[in-house]
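Enquirer: following is a predicted model, sequence given first.
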Amino acid sequence: MTAIPMADGLILGGILFALGLAGLLLRRNLLLILVSIEIMLNGAGVAFVAAGSRWGQADGQVMFLFTLAAAAAEVAVGLALLLTHFHRRQTLDADSISEMRG
Amino acid sequence: MTMEVAFFVSGSVAVIATILAITRLVAVHALLYLIVSLLAVAVVFYTMGAPLVAALEVIIYAGAIVVLFLFVVMMMNLGVRTQEIESKWLAGRAWIGPGILSALLLVEVIYLIVRAPVYATMSSISTPKQIGLALYGPYLLGVELASMLLLAALVGVCHLGRKRSEARQ
């Protein structure tokens, strides 16, 4: 089994992170904003695993498991908030929550 | 050599699928491309010697998290009107700012990575046993904190869901 250069793994993680960031800035649909955050967390996970396998230690993968738990919690809360907002306003436009008075 | 080819092919698939995912007008299409992207990243993990993480990526990300998204899309029942709004939002000019900003960041990151000396990833595979020993050894506090985080998320989601149904009655 040949080794993958660590830089390639980190660059892939960086590309995924930048794409997620672009989606986050570009989209105004709340659902796709959540999807973009998932993509960014996934890119960070790729970087963790690449850096962990550089030293042959399990630590990078352990950190990936923690980001996985954080992503699951974030998605659950985010989607619950999104559904509450959708039932109230019947729209997914992020601009419709620009004011904070409930 | 085969692992490197697998890495580059699946990495390219992941990048292309992600680009398609963040540009789709229909939410379900975006989610389907997100699944492809996550599966490709799982192959990347496998080629980097992390089979357990690859399996978890498929089971939890592509399995559980995307299914949650799909349920929400089904519950909201978005129609053709949403597609029209989306295509209006995604018209030409909107791309310039976010595109330039993210491209700048990406170029900077790649420059810093490429400038560093070349390290190969180790060819050893970390077994599930090693990860389990690390999780319940030095990272025990982290596991407890993650469980607290998940519990807090569970309680928060229950609260959000109950408040709405009571307000509607």
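Expert: Perfect, I can see it now. Residues are numbered from 1 along each chain as shown, chains lettered A, B, ... in the order given.
Enquirer: A:Leu10 against A:Phe48, yeah?
Expert: No: the pair A:Leu10 / A:Phe48 is not scored as a contact, 10.0 Å apart, by CB atoms under 8 Å. C-beta: built from backbone N, CA, C; applies to glycine.
Enquirer: list the buried residues of the longest helix anywhere in chain B.
Expert: Of all the segments assigned as helix in chain B under DSSP state H, the longest by residue count is helix B:140-168. By neighbour count, with 16 or more other CB atoms under 10 Å in any protein chain shown as the criterion, the buried positions of helix B:140-168 are B:142, B:146, B:149, B:153, B:157, B:160.
Enquirer: list the contacts of the second one.
Expert: Contacts here follow CB atoms under 8 Å, 6 or more residues apart in numbering or on different chains; on that basis B:Ala146 touches A:65-66, A:69-70.
Enquirer: between those, which sits nearest chain B?
Expert: Proximity of these to chain B was ranked by CB to the nearest CB; the top entry is A:Ala69 with 4.1 Å.
Enquirer: quickly find the element holding the closest one.
Expert: helix A:59-89 (DSSP states H and E).
Enquirer: and that helix, what does it pack onto?
Expert: In this structure, helix A:59-89 packs against helix A:30-54, helix B:51-56, helix B:66-76, helix B:128-135, helix B:140-168, with contacts taken as 3 or more CB pairs under 8 Å, 6 or more residues apart in numbering or on different chains; DSSP states H and E.
Enquirer: centre of the chain to it, how far?
Expert: Distance, stretch centre to chain centre, for helix A:59-89: 9 Å (CA atoms, centre = their mean, to the nearest Å).
Enquirer: for chain A, see how far away B:Ala116 is.
Expert: Distance, B:Ala116 to chain A, using CB to the nearest CB, to the nearest Å: 7 Å.
Enquirer: before we move on, what about B:Tyr46?
Expert: Counting by CB to the nearest CB, the separation of B:Tyr46 from chain A is 10 Å.
Enquirer: and the contacts of the one helix or strand in chain B whose mean pLDDT sits lowest?
Expert: Taking mean pLDDT, DSSP states H and E as the measure, the helix or strand of chain B with the lowest value is helix B:80-89, at a mean of 72. Contact partners of helix B:80-89, identified using CB under 8 Å, 6+ apart, comprise A:27-29, A:92-93, B:25-27.
Enquirer: next, the angle helix A:30-54 makes with it.
Expert: Helix B:80-89 runs at 70 degrees relative to helix A:30-54, counting by axes from the mean of the first three to the mean of the last three CA atoms, to 10 degrees.
Enquirer: buried sites along helix B:80-89?
Expert: Under the neighbour-count criterion of 16+ other CB under 10 Å, helix B:80-89 has B:82, B:85-86, B:89 buried.
Enquirer: let's have those in TSV, adding distance to B:Phe8.
Expert: Shown next, in TSV, are the buried residues of helix B:80-89 (distance: CB to CB, whole Å):
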residue	distance to B:Phe8
B:Thr82	37
B:Ile85	38
B:Glu86	33
B:Trp89	34
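Enquirer: and which of these is nearest chain A?
Expert: Minimum distance to chain A across those is 5.0 Å, recorded for B:Trp89 (CB to the nearest CB).
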